[in-house]
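**Student:** quick check, what structure comes out for this input:
(2 chains)
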Amino acid sequence: MIARPSAVLRLAVIADLNARPLWHALEGQPDVVLRKRKPASAAGLLEAEVVDLALVPVALAAERGWSRLAGLGIAARGRVGSVLVVGDRPIEEARVIYADDASRTSQLLLRVLLAEKGRDVKVVSLPEAEARARARSEEGAAALLIGDHALRARDAFLHRLDLAEEWHRHTGLPFVFGVWASLGAVTQSAAARLVEAVRAPYEPKDSPLSPEETRTYLSLLHHELDEQDERGLARFLELARSHGLLPRDASLPAAPIRRTGRGRRRDPDSILERASAGVRIDFEDAIALHEKAPLADLCTAAHARRLELNPGNQVTYIVDRNVNYTNVCVTRCDFCAFYRLPGHPEGYVLELEQLAKKVEETRALGGRQILIQGGVNPELKIDWFERMLRFLKERFPDVNVHGFSPEEITFLARISNLTVDETLDRLVAAGLGSLPGGGAEVLVDEVRDRIAPLKVTTDGWLSVMEKAQRRGLTTTATMMFGTGEKVEERIEHLLRVRALQDETRGFTSFIPWTFQAKNTSLTPHDSSPWAYLRLVALSRLVLDNVQHLQASWVTQGPGVAQAALHAGCDDMGSVMIEENVVSAAGADFRMTASELERQVRAAGFEPVRRDVHYRIVAPRRCARDVVA
Amino acid sequence: MSTLLSEKRTARERAYDRAGIGDIAARVRAGERLTREEGERLYATPDLFAVGALADEVRARRHGPVAYYNRNAHLNPTNVCVERCLFCGFARRSDDEPGAFTLTPEQVEERVAKFPHVSEVHVVGGLHPTKPLDYYLDVVRAVKRAKPGVIVKAYTAEEIDWFVRISGLSLDDVLRAMKDAGVTALPGGGAEIFAPHVRKKVCPDKISAERWFEIHAAAHALGLPSNVTMLFGHIESHADRVDHVIRVREAQDRSHGFQCFIPLPFNARETRLKKLTHGPTGADVLRTLAVSRLLLDNVDHLKAYWVMCGVSVAQVALGFGVDDLDGTLQEERIVHMAGASTPIGLTEDTLVQIIREAGREPVERDSFYRRVKP
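**Tutor:** Numbering: from 1, shown residues only, chains lettered A, B, ... in the order given. Model (predicted):
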């Protein structure tokens, strides 16, 4: 019997000690990919189907309506030691409990127990350090701590209450904290692998406790669930539902086990056939295409999809200008040659009149938008941005301000002491029209840690975009590839964008482009024109819910951009009247509007000018051509 | 069961069908020769990658996973020229004109001796008003003295016709004299575009298509293989390009000596044609390469000359029927004096990387497409 190679098992896991027995044996296995994440982050990976299973708290899984792999989890039959309410006064006297905001299930358990006992105690969710600090300093306050933090803080307070023990006392049942969540069925081989993993003897490393304490702690937990555990979990969910703490249909059912994989054929031809029929491409499909599909097949299939999504012969483009209001930046991405640190003689912040002049020039050349982005400058707080936006809208009411990446917005919120929501509201009120998709780079934290460790995380970027989209702001998404990221990481980026788009439909277009290496400290990898076209085509096939795909003439030059118009792209981007950031790193192609139109026509399409919403605009007559 | 499987259309076949070239694809796969009309249809087919894919199939059948490059150098003996081709930014009227140069054989020897290790020296230049045939032969001898093992690929049909006229020798005798001096292959230049109504507008001084082919046929008969080019994207039409390739095909059927077809995208900037045309765009270059590969079923190799296509488009061209990226070049002048903005040479490492990143196996070749041993 010929053994069929099994697909890679992709898992998101919590790194906490109590979870490790479930996955430690899988680390370093060639056919297993482990992503260590905090629970909310792991949830994002499962939602986007970047992973097959995620080890997450039961509350989170139940809220999302997920299934779980029966028989495995993180459970305790009584005292556990890592879910503690701590305080310097007896816990029964507490009037408010500050709960570690990473502790969904434990919070829920606390609320359920309080409700069961009819206790009227406020529960407030806070970051762990703050929760602990308030329990220490405030009268009548206690803190709910979990995991390794609970273990460490155990002896730091006079009183403590073990919630698992409390639960056991109340119900006589074990408590299940975490499970392997899945979106649907789980393959038999995956299930068997995970069971095998938990049975491998576990030698703990890097524990926050001493070796003996570690062994004691772990002995309180078990990871193979029996009937009692299942009953305990069911009871917990039932009580939570009955107290209105979980939705009525949150039941965390056992996932069906299926014998084999989906039965999908994974050869490129079959995948392309599925894609042509409108069947969504999954992670493994995308990898197979990336690695094996010939360029011509990818591009012709992508072009067919383009025609389905954007029928006809038109290629759109916009006339705008990239204005960088400051080059002073503290994020210091390794791939960037544009930034200057605070205090650098070449650092600048544009004066309002300088800004106005640029916008005036743009208008005179027929443009009705500026793309405004800059470095992350600690001197510029929310009031500076509001003043700038109001100034622009008053002077130039018909010019859309397409501005600020999630990185800028996150930083701005932090230094202005606002939430992201508040920041967005204020920017919009002052005149912000739409959000460009920059700063995405590759939406995988492992890549970001390597090339831009100070930048907003994957979840941070997606979160800002989601908030913007829910406010009705038009947004785009980009990808800058070629700094050495893996194929899987490129695919993951696409899947994350796709998953958010499923929720909000807020991205108008996707713009992949290649890393430019000049004046940076990084080396380019797999970013030739050939690689670019393959990725463009793959993006068109994977992002089945994003309507437009932009070709990047800035990084590729006009010839390859034309080819991209046949490989899934329906838009030529912007005739950038000014571009500083990418050109600092070496890309020095320039384009006028008439040259762009010539290139589009020579590629066999009709060039059409649009606005940020992809509405057609009539070209305005101008005294001279738009010169980049 | 097997009938069902064989009826299932592959992704590639579906693409051909969608593009409207399913019938052409079937004929190409059956090894049948395409007609002029089919060539023109391929130029008019909107789906660029479908046309490219078919050309890529032909390339793969002929050459497998290999892509060729060579280490070569260009040597222009003189840029003083009696002709006035509109597309040329290289020529000067006399040695007195600024930018004019004429190398002595000694200077040639000195220059070539300084070249790094190359397998080929490509010699082409202007038709000097006063230099005799011996000058041009001495240039070849000088190259051979400087690098005895190197292959000299020298003089286009245009220059050879000039040699005949200035020396009074027969065509065969001129070719034999060239061979004696050390020439073993001819480059493909001077072809420009064969269609007479275009030829007489852009290069009225040049020899006719018939004469060009006559010279190459004579060379082939004497054991000198050659290349053939096509300068496109000026004022000619797609039909003219098809016509050009079909003429080459017919000539090859007769004389069997053409090794490589090299479409050259015209770059206008420093020439007198710049008001008339911008030159072809990348998409046009890719299409022209692909259609040429499909029509020209009897010439082994197709080259994307990166100097004129640009390095990026040349890499993409590897998927459009191209199996040869030409070479490291070392100081290309002719095209750069017409305004090309590409580098004047590429390192071997760069060429190898470009080829590998396109999924091909890079093979260093000599002028006869033999693999060069490292």
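
**Student:** distance of residue A:134 from chain B?
**Tutor:** In this structure, residue A:134 and chain B are separated by 57 Å, where distance is defined by CB to the nearest CB, to the nearest Å. Backbone N, C-alpha and C define where each C-beta goes, glycine included.

**Student:** surely that residue meets residue A:143?
**Tutor:** Yes: in this structure residue A:134 lies within contact range of residue A:143 using CB atoms under 8 Å: 6.9 Å.

**Student:** who has more neighbours out of these two?
**Tutor:** residue A:143 (30 against 17; other CB atoms under 10 Å in any protein chain shown).

**Student:** so which residues make contact with the helix or strand containing the more buried one?
**Tutor:** Following DSSP states H and E, the helix or strand that holds residue A:143 is strand A:141-146. Applying CB atoms under 8 Å, 6 or more residues apart in numbering or on different chains, the external contacts of strand A:141-146 come out as A:82-87, A:89, A:91, A:94-100, A:102-103, A:106-107, A:110, A:123, A:128, A:131-132, A:134-135, A:153, A:159, A:163.

**Student:** show me what residue of the stretch 351-500 of chain A gets nearest to chain B.
**Tutor:** Nearest residue of the stretch 351-500 of chain A to chain B: residue A:482, at 11.1 Å (CB to the nearest CB).

**Student:** pLDDT of the longest helix anywhere in chain A, averaged?
**Tutor:** Taking DSSP state H as the assignment, the helix of chain A that covers the most residues is helix A:487-504. Helix A:487-504 shows an average pLDDT of 96 in the prediction.

**Student:** now do it: distance to the chain's middle.
**Tutor:** Computed by CA atoms, centre = their mean, to the nearest Å, the chain-centroid distance of helix A:487-504 equals 8 Å.

**Student:** could you figure out how far the helix or strand following that helix is turned away from helix A:487-504?
**Tutor:** Next along the chain after helix A:487-504, taking DSSP H and E as the criterion, comes strand A:507-514. With axes from the mean of the first three to the mean of the last three CA atoms, to 10 degrees applied, the angle from strand A:507-514 to helix A:487-504 works out at 170 degrees.

**Student:** strand A:507-514 - contacts with which helices or strands?
**Tutor:** Packed against strand A:507-514 by the contact rule (3 or more CB pairs under 8 Å, 6 or more residues apart in numbering or on different chains; DSSP states H and E) you find strand A:474-481, helix A:487-504, helix A:529-542, strand A:548-549, helix A:553-565.

**Student:** so for residue A:2, what's the pLDDT?
**Tutor:** In the predicted model, residue A:2 carries a pLDDT score of 33.

**Student:** pLDDT of the helix or strand hosting residue A:40, averaged?
**Tutor:** Counting by DSSP H and E, the element that carries residue A:40 is helix A:39-47. With pLDDT averaged residue by residue, helix A:39-47 scores 91.

**Student:** which residues sit against it?
**Tutor:** A:12-14, A:35, A:37, A:51, A:53-57, A:60, A:64, A:66, A:102, A:104, A:181-183, A:445, A:457-459, A:462, A:492, A:496, A:499.

**Student:** what's the longest strand in chain A?
**Tutor:** With secondary structure taken from DSSP state E, chain A has its longest strand at strand A:314-324.

**Student:** quick one, it and strand A:507-514 angle?
**Tutor:** 70 degrees.

**Student:** name every strand pairing with strand A:314-324 and say which way it goes.
**Tutor:** Paired with strand A:314-324 in the same sheet, following DSSP bridges, are strand A:369-373 (parallel), strand A:571-576 (parallel), strand A:606-609 (parallel).

**Student:** for that strand, list every residue counted as buried.
**Tutor:** Neighbour counts over strand A:314-324 (16 or more other CB atoms under 10 Å in any protein chain shown) mark A:315-324 as buried.

**Student:** next, the angle from it to helix A:553-565.
**Tutor:** Angle, strand A:314-324 to helix A:553-565, by the same axes, to 10 degrees: 170 degrees.

**Student:** quick one: low-confidence parts of the stretch 1-150 of chain B?
**Tutor:** The stretch 1-150 of chain B contains residues with pLDDT under 70 at B:1-7.

**Student:** which residues of it lie near chain A?
**Tutor:** B:10-12, B:14-15, B:18-19, B:46-50, B:52-53, B:56 (CB under 8 Å from any CB of the partner chain).

**Student:** doesn't residue A:511 make contact with residue A:555?
**Tutor:** No: between residue A:555 and residue A:511 there is no contact under CB under 8 Å: 10.1 Å.

**Student:** wait, residue A:537 touches residue A:302, no?
**Tutor:** Yes: the pair residue A:537 / residue A:302 is scored as a contact, 3.7 Å apart, by CB under 8 Å.

**Student:** please say which of these two ends up with more neighbours.
**Tutor:** Neighbour count, other CB under 10 Å: between residue A:537 and residue A:302, residue A:537 has more, with 31 against 28.

**Student:** and the more buried one, how far is that from chain B?
**Tutor:** Using CB to the nearest CB, one gets 9 Å for the distance from residue A:537 to chain B.

**Student:** hmm, back to that, with only the CA atoms kept, save the longest helix of chain A in PDB.
**Tutor:** What follows is helix A:487-504, C-alpha atoms only, in PDB (Å, rounded to 0.1, in the frame of the first residue of the first chain):
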ATOM      1  CA  VAL A 487       5.700  30.700   1.700                       C
ATOM      2  CA  GLU A 488       3.400  29.700   4.500                       C
ATOM      3  CA  GLU A 489       3.700  33.200   5.900                       C
ATOM      4  CA  ARG A 490       2.700  34.900   2.700                       C
ATOM      5  CA  ILE A 491      -0.300  32.600   2.500                       C
ATOM      6  CA  GLU A 492      -1.200  33.300   6.100                       C
ATOM      7  CA  HIS A 493      -1.200  37.000   5.300                       C
ATOM      8  CA  LEU A 494      -3.700  36.500   2.600                       C
ATOM      9  CA  LEU A 495      -5.900  34.300   4.800                       C
ATOM     10  CA  ARG A 496      -5.900  36.900   7.600                       C
ATOM     11  CA  VAL A 497      -7.000  39.600   5.100                       C
ATOM     12  CA  ARG A 498      -9.600  37.300   3.700                       C
ATOM     13  CA  ALA A 499     -11.000  36.400   7.100                       C
ATOM     14  CA  LEU A 500     -11.500  40.000   8.100                       C
ATOM     15  CA  GLN A 501     -13.000  40.800   4.700                       C
ATOM     16  CA  ASP A 502     -15.600  38.100   5.300                       C
ATOM     17  CA  GLU A 503     -16.700  40.000   8.400                       C
ATOM     18  CA  THR A 504     -16.600  43.500   7.100                       C
END
